[in-house]
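Chemist: What follows is a predicted structure for the sequence shown.
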Amino acid sequence: MIRRVALVLASLSFSVSAQLGSQPAQAETGVSAEWDVRTQLTALATAVRDTEAILRRADIKVLQENGAPETYIKQLRSAQSSMQQLVTATATLAGDPERLSAALEAYFQMERVELLLDSLRDGIRKYESPDLADMLNQTFSRNAVHRGRLRQHIRDVADLREQEFQIANEEAQRCRGTLTKQSGTSSDRKTSSVGQKPSPTGRNTTSQGPAQSPSRK
C-alpha cells in the first residue's frame, strides 16, 4: 500500500510538471521571459540605489539650521531608513524574481518611500537645496516606470501560482480517486475469499453447510 501511494504521488508530481511545461510560452500568456524579468528587476534595484544615494545627501543639520519644522526632520529620518529597506528588498527580488513575497515586499516598500519623499521634497527645496529637490523629482519620474513594471510582474507571478495550484488540485483529486478505486478492488478480493475451505484435492470450494439426508418416499 505504501509503495502504491508513493507511485501515485510521483505520478502527481510528474503530471503537474508536464502540464505546466505544456502551457503556452510565457511571452504569449503575458508573463515576460525570465531573462527580461531579471533585466528589469536589476534595473529597478540600480535605480533604487541611485535614489538612496541622492537622499543620503540631504542633511538633517542643514534643515535644522535653516529652521525646517520637526515634521521634515522626522520624514527625512524615516525616508532614509525606509530607503535602506527598499534597497535590500529590490536586491532580494532581483536574485529571486519568481518569489511572490519578495515582489510584494519591494512594492510596498517603494510605495512607502515615495509617500514620504513626496512631502519631503518640498522641505528639501525650501530649507536645504532646490537642486537636490530637482534631482529627487527626476529619479521619481524614472522610478514610476519601474514601479509599473513591478506591479505587472506581481500580477504575472500571482497568475502563474494560481495555475500551478489549480493543476495540483485537479491531479490530487484524480490520484485520490485512483487510490480509492484500488483500495476498493483489494477489499473485494479479500471478501471473495471468505467462506471457502480447502477440498480433499487441495482446491478451495465454497462451503454449502451440512449435508441433508435423503427423504423417505
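Modeler: All right, it came through fine.

Chemist: Every contact and neighbour count from this point should use C-alpha atoms.
Modeler: OK.

Chemist: quick one, what contacts Leu100?
Modeler: Ile154, Val157, Ala158 (C-alpha atoms under 8 Å, 6 or more residues apart in numbering).

Chemist: How much space separates it from Ala89?
Modeler: In this view, Leu100 and Ala89 are 12 Å apart by C-alpha to C-alpha, to the nearest Å.

Chemist: With Arg77 instead?
Modeler: 19 Å.

Chemist: now do Leu160
Modeler: For Leu160, the distance to Ala89 - C-alpha to C-alpha - is 21 Å.

Chemist: Could I get the full set of strands for this structure?
Modeler: Assigned by DSSP state E, the chain shows strands spanning 196-198, 204-206.

Chemist: Any idea which of those strands has the lowest pLDDT on average?
Modeler: With a mean of 49, strand 204-206 has the lowest mean pLDDT of these.

Chemist: So which of Leu160 and Ala89 has more stuff around it?
Modeler: Taking other C-alpha atoms under 10 Å, Leu160 and Ala89 do not tie; Ala89 has more neighbours (21 against 16).

Chemist: Tell me which residues touch the more buried one, please.
Modeler: Contacts of Ala89 (C-alpha under 8 Å, 6+ apart): Ala102, Glu105, Ala106, Gln109.

Chemist: can we see that at 7 Å?
Modeler: Ala102, Glu105, Ala106 (C-alpha atoms under 7 Å, 6 or more residues apart in numbering).

Chemist: What of Arg151?
Modeler: Neighbours of Arg151 in contact, by C-alpha under 7 Å, 6+ apart: none.
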